[in-house]
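Student: Curious how this folds, go ahead:
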Amino acid sequence: MSRVSKMFSWLKLRSPWSYVVAGLAGLIIVVLSTMFILSTIDVPETGDPQPELDSSDEKGDSDGSTATTDAVLGTVPELVGLLIEDARPLLEDEGLKAVARSTFDPAPEGTILTQDPDSGAQMNVQQPVILLISSGPEPGSSPDAEATSSPSSSSTSTTLGAPSPDPSSRKYSDSTVVIDPGHQMKGNSDQEPIGPGSSTTKAKVSQGATGVSTRIPEYQLTLDLAERLKSVLEAVGVKVVMTRTTHEADISNSERAKVGNDSAADLAIRIHADGNNDSSVQGISTLYPDSNEWTGSISAPSKEAAQLVQDAVVRSTGRQNRGLSARTDITGFNWSEVPVVLSEIGFLSNSEEDNLINSEAEKVRIVEGLKTGVLAYLDTQIN
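Tutor: Numbering: from 1, shown residues only. All right, here's what the predicted structure looks like:
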């Protein structure tokens, strides 16, 4: 007699409760087996990651990644109330540097009004302390006028210890930079050629990514950074043209490129944030046009500008360097007749980096790096 026949024979000799017991035993075996199988599967935690590359987003991951070395830390001293010249040796003792933004205030010119981070904080020596300093009372105002500590269009940003930009300087008076804040509030899925005369098309423009933690949309972050960059470049005499100044704009990627062409820009810089299915990925990269049938004449100078921008932003922020990425599939590159780069300032799909790049202090660092890189490239173009 087979084992199955013996089992059924045994069940027939038992009470109906035998069937209940046998059923429960079987159910327990199934549940335990399922739990064992699931425990062997590695399921990554995700918040709300964006795709690694959406062709309509005009962006993607860089070619390589360079891990950062162990950070050297310094202790931030108490600086509020001191003059800049008195703060310098305190920072140097800790191996730290600072980026200062000025604003009108009744306090004596050069007085530090606020600092970020606060005194006592430990920070990477590659990252600057953010200072707000007084540039004296606003012209025409009463000495007792109430101070304002919020950034204004008259504010400037400079590295502590370096000479302040002279607004009367004409060094960059013949330089033009186009700034393209990536994406817009409402995407446009209508198609356009990826290059002049191309039969390959892509969506005109997308809405972009959204911060997995902050829920701040990419188009909002990029316009904020673009406006700040415009302010600091204009402060040193650069003529700046923006592709958009509102979230409600509807301008395709080829049209954005044409803004740079029509302006005969020395450089077009496109500001974006990145996304990846792997929420642990983070860091900074810069894209530039690889040489193809449309970009042959601008590829080399674009790569030069991309390297200068990448190096400057990584130095300013102290974050991971993901390097450069040469691309042939980006509409905004293929329609451009002027050198162009696309700065990916961090991953909105990484919760930590999303919160960081949307903070006031990190925005100042990013803009400082972008400005430094752009001016370094302009320097190579000035005879």
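
Student: going forward, measure contacts and count neighbours with C-alpha atoms only.
Tutor: Will do.

Student: Now do the helices in this structure.
Tutor: 3-12, 17-39, 84-93, 218-234, 253-262, 299-317, 331-334, 351-357, 360-381 (DSSP state H).

Student: residue closest to the middle of this structure?
Tutor: Nearest to the mean C-alpha position of the chain, by Cα atoms, centre = their mean, lies I345 at 2.2 Å.

Student: can I assume that residue is in contact with G275?
Tutor: No - with the criterion set as Cα atoms under 8 Å, I345 and G275 do not qualify as a contacting pair; they are 10.7 Å apart.

Student: rewinding a little: just the local confidence number for the residue nearest to the centre of the chain, please.
Tutor: Confidence per residue is given as pLDDT, and for I345 that number is 98.

Student: so what's it up against?
Tutor: Residues in contact with I345 (Cα atoms under 8 Å, 6 or more residues apart in numbering) are I271, H272, A273, D274, G283, I284, S285, I357, I366.

Student: So which of these are in strands?
Tutor: Judged by DSSP state E, the subset of the contacts of I345 located in strands is I271, H272, A273, D274, I284, S285.

Student: What is the nearest of the residues you listed to Y219?
Tutor: Checking the ones in strands among the contacts of I345 against Y219 by Cα to Cα gives H272 as the nearest, at 8.2 Å.

Student: picking up where we left off before, could you redo the ones in strands among the contacts of I345 as JSON lines and give each row pLDDT, distance to A203 and neighbour count?
Tutor: Compiled in JSON lines, the ones in strands among the contacts of I345 are given as follows (pLDDT from 0 to 100; distance: Cα to Cα, whole Å; neighbours: other Cα atoms under 10 Å):
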{"residue": "I271", "pLDDT": "98", "distance to A203": "19", "neighbour count": "24"}
{"residue": "H272", "pLDDT": "98", "distance to A203": "17", "neighbour count": "28"}
{"residue": "A273", "pLDDT": "97", "distance to A203": "18", "neighbour count": "28"}
{"residue": "D274", "pLDDT": "95", "distance to A203": "18", "neighbour count": "31"}
{"residue": "I284", "pLDDT": "98", "distance to A203": "25", "neighbour count": "26"}
{"residue": "S285", "pLDDT": "98", "distance to A203": "23", "neighbour count": "31"}
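
Student: Domain-wise, how is the chain divided?
Tutor: Per the record's domain assignment (automatic domain parsing), the chain is made up of the domains 55-70+170-381, 73-159.

Student: Nearest to T200, out of the helices of the chain?
Tutor: helix 331-334 (10.2 Å).

Student: Counting by contacts, list what the closest one packs against.
Tutor: When contacts are defined as 3 or more Cα pairs under 8 Å, 6 or more residues apart in numbering; DSSP states H and E, helix 331-334 sits against helix 253-262, strand 284-289.

Student: Could you single out the most deeply buried of the ones you listed?
Tutor: Scoring those by mean neighbour count under mean count of other Cα atoms under 10 Å gives strand 284-289 as the most buried, with a mean of 29.

Student: And it, what does it pack against?
Tutor: Judged by 3+ Cα pairs under 8 Å, 6+ apart, strand 284-289 is in contact with helix 299-317, strand 321-327, helix 331-334, strand 340-347.

Student: Return the angle between stretch directions for that strand and helix 299-317.
Tutor: Direction vectors for strand 284-289 and helix 299-317, defined by axes from the mean of the first three to the mean of the last three Cα atoms, to 10 degrees, enclose an angle of 170 degrees.

Student: where does the stretch 1-150 of the chain have low pLDDT?
Tutor: Scanning the stretch 1-150 of the chain with the threshold set as pLDDT under 70 gives 1-26, 30-71, 138-150.

Student: most packed of the domains of the chain?
Tutor: domain 55-70+170-381 (a mean of 21).

Student: chain center to that one, what's the gap?
Tutor: 9 Å (Cα atoms, centre = their mean, to the nearest Å).

Student: ok, now stretch 83-100?
Tutor: Averaged over its C-alpha atoms, stretch 83-100 has a centre that lies 27 Å from its chain's centre (Cα atoms, centre = their mean).

Student: Put the alpha carbons of that stretch into PDB.
Tutor: C-alpha atoms of stretch 83-100 as PDB (Å, rounded to 0.1, in the frame of the first residue of the first chain):
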ATOM      1  CA  LEU A  83      34.700  92.100  11.600                       C
ATOM      2  CA  ILE A  84      35.800  90.100   8.600                       C
ATOM      3  CA  GLU A  85      39.500  90.800   9.100                       C
ATOM      4  CA  ASP A  86      39.200  89.500  12.700                       C
ATOM      5  CA  ALA A  87      37.400  86.400  11.700                       C
ATOM      6  CA  ARG A  88      40.000  85.300   9.100                       C
ATOM      7  CA  PRO A  89      42.700  84.100  11.500                       C
ATOM      8  CA  LEU A  90      40.100  82.200  13.600                       C
ATOM      9  CA  LEU A  91      39.000  80.300  10.500                       C
ATOM     10  CA  GLU A  92      42.500  79.700   9.300                       C
ATOM     11  CA  ASP A  93      43.400  78.200  12.700                       C
ATOM     12  CA  GLU A  94      40.700  75.500  12.100                       C
ATOM     13  CA  GLY A  95      41.700  75.100   8.400                       C
ATOM     14  CA  LEU A  96      38.300  76.500   7.400                       C
ATOM     15  CA  LYS A  97      37.200  78.900   4.700                       C
ATOM     16  CA  ALA A  98      34.000  81.000   4.400                       C
ATOM     17  CA  VAL A  99      31.700  82.400   1.800                       C
ATOM     18  CA  ALA A 100      30.300  85.800   2.700                       C
END
